[in-house]
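Participant: Output the structure for:
(one chain, ligands or ions: 2)
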Amino acid sequence: MEDQNGRVCVLVTGGSGLVGRAIERVVKEEGVRKEGEEWIFLSSKDADLTNTAETRAIFEKYRPTHVIHLAAMVGGLFLHLRENLNFLRKNIAINDNVLHTAHEFGVVKVVSCLSTCIFPDKTTYPIDETMIHNGPPHESNSGYAHAKRMVDVYNRACFQQYGRRYTAIIPTNIFGPHDNFNIEDAHVLPALVHKTYKAKRDSTALEICGSGRGLRQFIYSLDLARLYLWVLREYDEVEPIILSVGEEDEVSIKDVVDAIAEAFEFTGPVIYDTSKSDGQLKKTASNAKLRRYRPDFVFTDFKTAIKETCDWFAANYESARK
Ligand code: NAP
Ligand code: GFB
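Facilitator: Ligands and ions are numbered 1, 2, ... in the order given. Below is the predicted model:
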């Protein structure tokens, strides 16, 4: 992994978020960091990556050899419905600044982070890596989806023009400690963790947005971190790779509600508010390509991961993002 001077400095943009904190924990606790390697975990306080000058300054400061690019404007369905244009503009700016500055500073490898929500809404299933640009994404998050798709377009163009082997992973819905648990703006699982915690604490009903019929594949942040680090060290394709549990592990939003209620031992009434959007009903993705590379990988049991996340939230309620 070393550069031509035998140096390794990994810059993790978005290092203070859900995925960044999981990568930091795996790097520090699971012996991933090799002797002499520098790992830098950034937050927006270190540099606003929508700003080109601030982006260049942080690359000048650390001179990274590798970049794990996580930084993004991120949120759940209801934030997307309110701020589709902001998601487009901010993420296009961040992605172009990080990718082009990395190229200009001679970064050996950048692994960016896309999402399974960027695939075409009208599609056959299961979705795979070859289908990213085969039609418009679901309208609920089209701004974010197009900004993410441009990362793939950039990587292919940068390979064609400069031979850079920059790539991307395509995770499904991620959850775990250090997530954003805001009830209005967060993704479904952390929002439900927060809602259930409060319903249990206050002995009130648990209100769920939508019908609960939506189908999702969820990956525990620590599992994603382990796979992300494998991609950084071992995966050499420019083509992106889906990092997800299998199609057979797809669950409904109602299954998630039940699992979180069980974790908190919540037995109160659960009300589904069908006046609220279900968003994209399904986006079933294939992890066959991942399995060809990593038939050995074992995902954390879903209910175990849910319990660990709920326990973390309850223990860190005061300081958690909510
Ligand atoms: P997150 O918890 O919201 O963290 C976002 C990170 O990006 C934070 O470190 C944040 O810094 C940083 N950031 C945001 N705007 C920035 C800016 N203008 N300049 C510099 N840094 C900025 O998000 P996450 O869930 O870890 O997401 C990480 C990556 O995974 C993103 O690319 C996201 O699109 C992708 N992804 C997430 C999911 C999911 O379910 N969570 C699913 C698929 C893909 P601050 O802490 O300072 O705000
Ligand atoms: O995680 P989420 O907000 O976004 O999940 P997506 C939305 C689904 O969860 C819909 C249901 O079916 C909602 O009806 N849901 C139920 C809730 N209760 C709630 C709740 O309290 N909050 C939320 N947010 N949903 C995301 C993309 O799509 O997928 C992101 O918008 C990202 O950008 C992520 O890519 C992986 O799963 O629909």
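
Participant: make it CA atoms for all contacts and neighbour counts henceforth
Facilitator: Fine.

Participant: wait, does stretch 95-114 contact ligand 2?
Facilitator: No - taking CA under 6 Å from any ligand atom as the criterion, stretch 95-114 and ligand 2 are apart, separated by no less than 7.7 Å.

Participant: what's that stretch in contact with?
Facilitator: Stretch 95-114 is contacted from outside by 3, 49-52, 55-56, 59, 63-70, 147-149, 151, 154, 164-171, 231-232, using CA atoms under 8 Å, 6 or more residues apart in numbering.

Participant: Could you tell me which of the residues you listed count as buried?
Facilitator: Those of these that meet the buried threshold are 49-50, 52, 55-56, 59, 63-70, 147-149, 151, 154, 164-171, 231-232, by 16 or more other CA atoms under 10 Å.

Participant: Could you tell me which of these are located in strands?
Facilitator: 66, 67, 68, 69, 167, 168, 169, 170, 171 (DSSP state E).

Participant: Surely the third one and residue 23 touch.
Facilitator: So the one you mean is residue 68. No - counting by CA atoms under 8 Å, residue 68 stays clear of residue 23, with 9.7 Å between them.

Participant: tell me which parts of the stretch 101-250 of the chain are close to ligand 1?
Facilitator: Counting by CA under 6 Å from any ligand atom, the positions of the stretch 101-250 of the chain adjacent to ligand 1 are 113, 114, 115, 171, 172, 173, 174, 179, 180.

Participant: Apply 8 Å and report the result again.
Facilitator: Selection of the stretch 101-250 of the chain residues close to ligand 1 by CA under 8 Å from any ligand atom yields 112-117, 148, 170-175, 178-180, 187.

Participant: Do a quick rundown of the strands in the stretch 151-300 of the chain.
Facilitator: 167-171, 173-175, 206-209, 215-216, 218-220, 241-243, 251-252, 270-273 (DSSP state E, counting those that start in this stretch).

Participant: With respect to residue 15, which of those lies nearest?
Facilitator: For those, proximity to residue 15 was assessed by CA to CA; strand 173-175 is nearest, at 15.1 Å.

Participant: what's next to the closest one, contact-wise?
Facilitator: The contact list for strand 173-175, computed with CA under 8 Å, 6+ apart, reads 18, 115-116, 189-190, 216-221, 224, 309.

Participant: go again using 6 Å as the cut-off
Facilitator: For strand 173-175, the surrounding residues in contact (CA atoms under 6 Å, 6 or more residues apart in numbering) are 218, 219, 220, 221.

Participant: Distance check, residue 149 against ligand 2.
Facilitator: Applying CA to the nearest ligand atom, to the nearest Å, the value for residue 149 to ligand 2 is 12 Å.

Participant: give me every residue that touches that residue.
Facilitator: With CA under 6 Å, 6+ apart, residue 149 has no contacts at all.

Participant: if you set the cut-off to 8 Å instead, what comes out?
Facilitator: Contacts of residue 149 by CA under 8 Å, 6+ apart are 114, 118, 132, 133.

Participant: One more: residue 93?
Facilitator: By CA under 8 Å, 6+ apart, residue 93 lies in contact with 49, 50, 51.

Participant: In JSON lines: these, plus pLDDT and distance to ligand 1.
Facilitator: Formatted as JSON lines, the contacts of residue 93 follow (pLDDT from 0 to 100; distance: CA to the nearest ligand atom, whole Å):
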{"residue": "49", "pLDDT": "98", "distance to ligand 1": "4"}
{"residue": "50", "pLDDT": "98", "distance to ligand 1": "5"}
{"residue": "51", "pLDDT": "98", "distance to ligand 1": "8"}
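
Participant: Columns distance to ligand 2 on top of those residues, output as a markdown table?
Facilitator: Listed next are the contacts of residue 93 as a markdown table, based on distance: CA to the nearest ligand atom, whole Å:
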| residue | distance to ligand 2 |
| --- | --- |
| 49 | 19 |
| 50 | 18 |
| 51 | 22 |
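
Participant: mind putting those residues in a markdown table, distance to residue 80 included?
Facilitator: A markdown table is the format used below for those (distance: CA to CA, whole Å):
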| residue | distance to residue 80 |
| --- | --- |
| 49 | 20 |
| 50 | 19 |
| 51 | 22 |
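
Participant: Tell me which of those fall in helices.
Facilitator: Judged by DSSP state H, the subset of the contacts of residue 93 located in helices is empty.

Participant: Just name the closest of the residues you listed to residue 83, please.
Facilitator: Distances from residue 83 to the contacts of residue 93, taken by CA to CA, are shortest for residue 50, at 16.6 Å.

Participant: for that closest one, what are its contacts?
Facilitator: 90, 91, 93, 94, 97.
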